[in-house]
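*Asks:* Give me a model of this one.
(chains A and B)
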Amino acid sequence: MTAQAISVAALWGATILYAVAMIAYAIRLAREADARVQSRRAVQLKEAAPAQASGASVGSVAVATPASGTPLSTNPAPTVVKMSRTATKALGIARSATLVGFILNGIGVLARGIEAGHVPWSDMYEYAISGSFVAVGVFLLVQRKRDVTFLGAGVTGMATIAMGLGLTVLYGAAESLPPALQSMWLIIHVSIATICSGIFAVAFIVTALQLIKDYRDSGTPRTAWARGRGLKFMEAVPRPDVLEALAFRLIAVGFVLWTFTVMAGAIWAEHAWGRYWGWDPKEVWSFIIWVFYAAYLHARTTQGWAGRKSAYLALVGFGALLVNFTLVNFVFQGLHTYAQGK
Amino acid sequence: MARVKIDNYAVAAAPRLGVRGWLRWGWRQVTSMRVALILLLLLAVGAIPGSILPQSPREAVKAAEFVKDNGWLGQFLEKAGFLDVYGSAWFTAIYVLLFVSLIGCIIPRCIAHFRAMRAPLAAAPSRLDRYRPRAAGEASDAPAHAVGRAIAELRPRAGWLGAITGYRYRVDERTKHGETQLALAAEKGHIRELGNLLFHVSIVGILCSVAFGAAFIYRGQAIIVEGRSFTNSVVAYDTFSSGRLFNENSLEPFTLRLDTFHAQFSLTGRPEDFAADVTLNRPGKDPEQSTIRVNSPLGVNGANIYLQGNGYAPDLTFTDAAGNVAYAGPTVFIPKDSAYTSTGVVKVPDVTSGDQIGLKATLYPTAIGEGTDFQSLHPDPTNPVIVFTVYTGDLGLDNGVPQNVYKLDETHLSPVHDADGEQAAFAIAPGETVDLPNGLGSLTWIDTPRYAAFDIRADPSLPFLLFFAICALSGLALSLFGARRRIWIIATYGGADEAVTLLSGAALTQPHDLAKATAELERAMAAARGAQPPEEEEL
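*Replies:* Numbering: from 1, shown residues only, chains lettered A, B, ... in the order given. Below you'll find the model as predicted:
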């Protein structure tokens, strides 16, 4: 079996496992939401029942601690919610599928690197498979520290799409590196850019959930869509401020790395093209991404902008990242024409 | 952040703002975070058209074509600066305002921070119950001992340096709510604001470096054929541009000889390696041999020589009707596709008698085809063929207008026809001589050396840019990952006969640091209680 065959087989395996994980995570999320709604109802019933039994409430009524107090840590004290067997099983399947998919993804990326004889992030296909690997890796890393099961469906779903598109649309045979890419900066600049994309992708999902949850909790008629049946799974998602804190931490790391990416790119451009900045479309969009995330970081500490507005800026930043990866490579003319693959 | 105050005419007694008032109001607006945010967003949105529309500094020809093809819209876009976005007045206005806003914001912050770092610590608040996280406990010995243990646990350091590297602290003995208490206030994390300021100052530094570089830079392109040399002087460049404050005498004196050029292609014609073996001659020094590659420029006293392109420069000789050599030497052909199908022009003004002669030629390095109809399969010169057409008349060289050497000005030229009245085309291979019709002369192709195109550039701002970039990056990391954290512990006598010490503690920090601050508070409280502190948790 050649490295090429191993790579493609492993990546297809990873794609399928990510898809399985996405479905399992979705089932888990839905069941968890149901369980939470039910347990909340049970608590309400319990509160109401003794009050009715004794007529007027006497001091003996045990009142559930309101969840309004600021928690000691970012993780609110977990409400004990009894999960159905399906939910437990789904989580087990989701976790193992994600982990095995991640390992297969890693093998696929590694084999591609061996096949091509250079680091596996020199064209769009390689960027898609490496970026998915990083995004799932970031998710697994965060998962070790805190329970972010609610992100699972989104992250594995995005990875499934990216890998599927990579294998079907973007795929190009491994080629030797053209002279312009023969540089140690390919290893540094592009790897950090790929890692950033993975981090920003996870942050994007967190921010999107934050906004939906925020609208869901707000209770105004204009945001009724956020309380629709289709979004019932949002019950299993933490409070908006918890999500905001998580998104900020991810974006802070991503922003520092993106700053590094742009600077490393400038150094490389100086070496290869004789100028550190030339307003090439890729450079322009890298700059636009940087400015949007910079605006996000300022907005979240500015009165009147913190919360929803800053969250929208983070979403726009990720949109710019997608433009930089897709439109800039396919539509605009520039020096970063490595990408077409074929 | 400045708060907006508007001159309120509805309140009769309110004083009018006046000129100074309005100026102050304007300044407050510019330096407000809200305006800075809007400017940032404008900067991002304003940069977008530059990636979509052709930009004249990068692609002058395309930009001109765009204007021609789009009628009034093209005219309008050109006038409005959309074809040179990054040099346009409005884009400049955005970033200049942004930097004014930035400078107006960071100078007061620098001063305030300098003062804050030297200022004495604020005492612990008298009531801790409105802070989170909070903790309580008891110690079996005196408050002084308990507080002492907490201080030791927090590893404090003295002075304002302590504010950057560790906790500063103060202890107050005071009476609050009718009881004597010992209040410990410990604080660290000036590094967060310091990093933030360092980042913003470095951004200003980067902008200043760019401006400095733009004033002193010089940059030129030179094409060197194998075996030939280039002398670093303004006239020797094919194109040359320089900053406003550039002085011609500051050109590094050197000659560069291209010994050989290696181009390696895969079987499918993908470039694999380009390497230019060069010899560098500097006055008073021995000649140095080195190799310039795409990603490894050659540095010569502050100037860098970059390999930017390559191609073939067929060595052609034109012998005129009288038998005199009217033109001889390598002629640079510009590659037009990935198989190095290249075009070139031969201008022969100095014929012994008769009209001037021009040749338009196309080189096919690995030619396939017949007659004069060829195609190139591969960039290597496996079967090189040149197909050319001949023109006679006036080349237009004598009227003093500078001409593109790679283009034939056909206004006063007429093509040479063959017997059938068609424009005559000729194919030639290396080593061959082709006689032109009507006794115009003959063309001989002697050899096919390669050429390399170099960019030579000296930008004195590069070290400053690197320095400020590193500062900006470190400042950014400090400001985003550092946290200003305060921990307070208040110890009072308590219990029935005041035999125990009651402890209450609280911490204040940024949300992202909450987990760490909580752990640290718990550690300090455990130490104060006299218990074994829990292991420090890495988060």
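*Asks:* could you pull out the helices for the chain?
*Replies:* You didn't pick a chain, so chain A it is. Taking DSSP state H to define them, one finds helices in chain A at A:3-53, A:85-116, A:124-145, A:149-165, A:184-185, A:191-218, A:240-273, A:281-299, A:308-325, A:327-330.
*Asks:* think we crossed wires, I meant chain B
*Replies:* Under DSSP H, chain B gives helices at B:18-30, B:33-47, B:49-52, B:60-69, B:71-79, B:89-118, B:143-153, B:159-165, B:190-216, B:462-481, B:514-529.
*Asks:* ok, back up a step: could you export the helices of chain A as TSV, including mean neighbour count and mean pLDDT?
*Replies:* C-betas here are computed from N, CA, C, even on glycine. What follows is the helices of chain A, written out as TSV (neighbours: other C-beta atoms under 10 Å in any protein chain shown; pLDDT from 0 to 100):
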stretch	mean neighbour count	mean pLDDT
helix A:3-53	18	86
helix A:85-116	19	93
helix A:124-145	22	92
helix A:149-165	22	93
helix A:184-185	14	88
helix A:191-218	23	92
helix A:240-273	21	93
helix A:281-299	23	94
helix A:308-325	21	94
helix A:327-330	17	80
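*Asks:* who wins for proximity to B:A452 among those?
*Replies:* Among the helices of chain A, helix A:240-273 comes nearest to B:A452, with 15.0 Å by C-beta to C-beta.
*Asks:* Is that closest one in proximity to chain B?
*Replies:* Yes - contact of helix A:240-273 with chain B (C-beta under 8 Å from any C-beta of the partner chain) involves A:241, A:245, A:248-249, A:252-253, A:255-256, A:259-260, A:263, A:266-268, A:270-273.
*Asks:* That helix - contacts with which helices or strands?
*Replies:* Helix A:240-273 makes packing contacts with helix A:124-145, helix A:184-185, helix A:191-218, helix A:281-299, helix A:308-325, strand B:303-312, helix B:462-481 when contacts are defined by 3 or more C-beta pairs under 8 Å, 6 or more residues apart in numbering or on different chains; DSSP states H and E.
*Asks:* Go through the helices of chain A and name the closest to B:I206.
*Replies:* Among these, the nearest to B:I206 by C-beta to C-beta is helix A:240-273 (9.7 Å).
*Asks:* Let me know the angle separating that closest one from helix A:149-165.
*Replies:* With axes from the mean of the first three to the mean of the last three C-alpha atoms, to 10 degrees defining the directions, helix A:240-273 sits at 30 degrees from helix A:149-165.
*Asks:* What degree of burial does the residue lying closest to B:G81 once chain neighbours are set aside show, as a neighbour count?
*Replies:* Sequence neighbours aside, B:S88 is the residue nearest to B:G81 in space, at 2.8 Å (criterion: C-beta to C-beta, 6 or more residues apart in numbering or on different chains). B:S88 has 17 neighbours, counted by other C-beta atoms under 10 Å in any protein chain shown.
*Asks:* Domains in the chain, by residue range?
*Replies:* If you meant another chain, say so; for now it's chain A. Listed by automatic domain parsing, the domain ranges of chain A are A:1-46+A:84-172, A:180-342.
*Asks:* actually chain B
*Replies:* Domain ranges of chain B: B:31-117, B:132-189+B:483-529, B:212-312+B:453-469, B:315-450, per automatic domain parsing.
*Asks:* Tell me what the closest residue to B:A429 other than its chain neighbours is bridged to.
*Replies:* Leaving aside its chain neighbours, B:A429 sits nearest to B:V385 (5.7 Å; criterion: C-beta to C-beta, 6+ apart). Note on B:V385: beta-bridge partners by DSSP bridges are B:Y364.
*Asks:* Next, count neighbours for B:V385.
*Replies:* B:V385 - counted by other C-beta under 10 Å - has 22 other residues nearby.
*Asks:* same check, this time on B:F454
*Replies:* The number of residues packed near B:F454 is 29, by other C-beta under 10 Å.
*Asks:* Please report how far it lies from chain A.
*Replies:* 9 Å (C-beta to the nearest C-beta, to the nearest Å).
*Asks:* swap in B:H417?
*Replies:* For B:H417, the distance to chain A - C-beta to the nearest C-beta - is 39 Å.
*Asks:* Report the contact partners of that residue.
*Replies:* With contacts defined as C-beta atoms under 8 Å, 6 or more residues apart in numbering or on different chains, B:H417 is in contact with B:Q423, B:A424.
*Asks:* likewise B:G530?
*Replies:* For B:G530, the contacting residues are B:A139, B:S140, B:D141, B:A146, B:R149, by C-beta under 8 Å, 6+ apart.
*Asks:* The fourth one and B:A491 touch, don't they?
*Replies:* Yes - under the contact definition of C-beta atoms under 8 Å, B:A146 touches B:A491, with a separation of 5.1 Å.
*Asks:* Pull up the overlap in contacts between those two.
*Replies:* B:A139, B:T501, B:L503, B:A528.
*Asks:* Thanks a lot, see you next time.
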